[in-house]
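Q: I need the structure of the sequence given here:
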Amino acid sequence: MKTCPFCKEVPELPSGDGTQYEIVCACGMAQSCVQISDLMTIDERAGDDFIDYRYAEEYVERAKAEAIRKWDDRC
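A: The predicted structure follows:
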């Protein structure tokens, strides 16, 4: 994962609780966010239990990979 363009640190990766996967640098100047359900099919959404405000791990990992891709591909 690339460093922050402002502070040059690599941000910590969150656990993925909630409805989105969001990478935010500690300096607060850069972020990358992905709505987890946007990467799920209708059948996957219907079949996921969303227990304790958390999607199944496979969907969180998919969103994590997309958020990292977006972070690394930023302008």
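
Q: so how many other residues sit close to residue 10?
A: 13 (other Cβ atoms under 10 Å). Heads up, the C-betas are built off the backbone N, CA and C, glycines and all.

Q: longest single helix anywhere in this protein?
A: The single longest helix within the chain, with elements called by DSSP state H, is helix 57-72.

Q: Which strands and helices lie in contact with it?
A: strand 20-24, strand 31-35 (3 or more Cβ pairs under 8 Å, 6 or more residues apart in numbering; DSSP states H and E).

Q: Just the buried positions in the first one, please.
A: Of all the residues in strand 20-24, those buried under the rule 16 or more other Cβ atoms under 10 Å are 21, 23.

Q: ok so, going back, looking at the helices and strands packed on helix 57-72, spot the one closest to residue 3.
A: Among those, strand 20-24 comes nearest to residue 3, with 12.2 Å by Cβ to Cβ.

Q: Hey, what's the angle from the closest one to strand 31-35? Just curious.
A: Using axes from the mean of the first three to the mean of the last three Cα atoms, to 10 degrees, the inter-axis angle of strand 20-24 relative to strand 31-35 is 180 degrees.

Q: Nearest residue to the middle of this protein?
A: In the chain, the C-alpha nearest the mean C-alpha coordinate belongs to residue 21, at 2.6 Å (Cα atoms, centre = their mean).

Q: what residues are up against that residue?
A: Residue 21 is in contact with 14, 33-34, 36, 60, 63-64, 66-67, counting by Cβ atoms under 8 Å, 6 or more residues apart in numbering.
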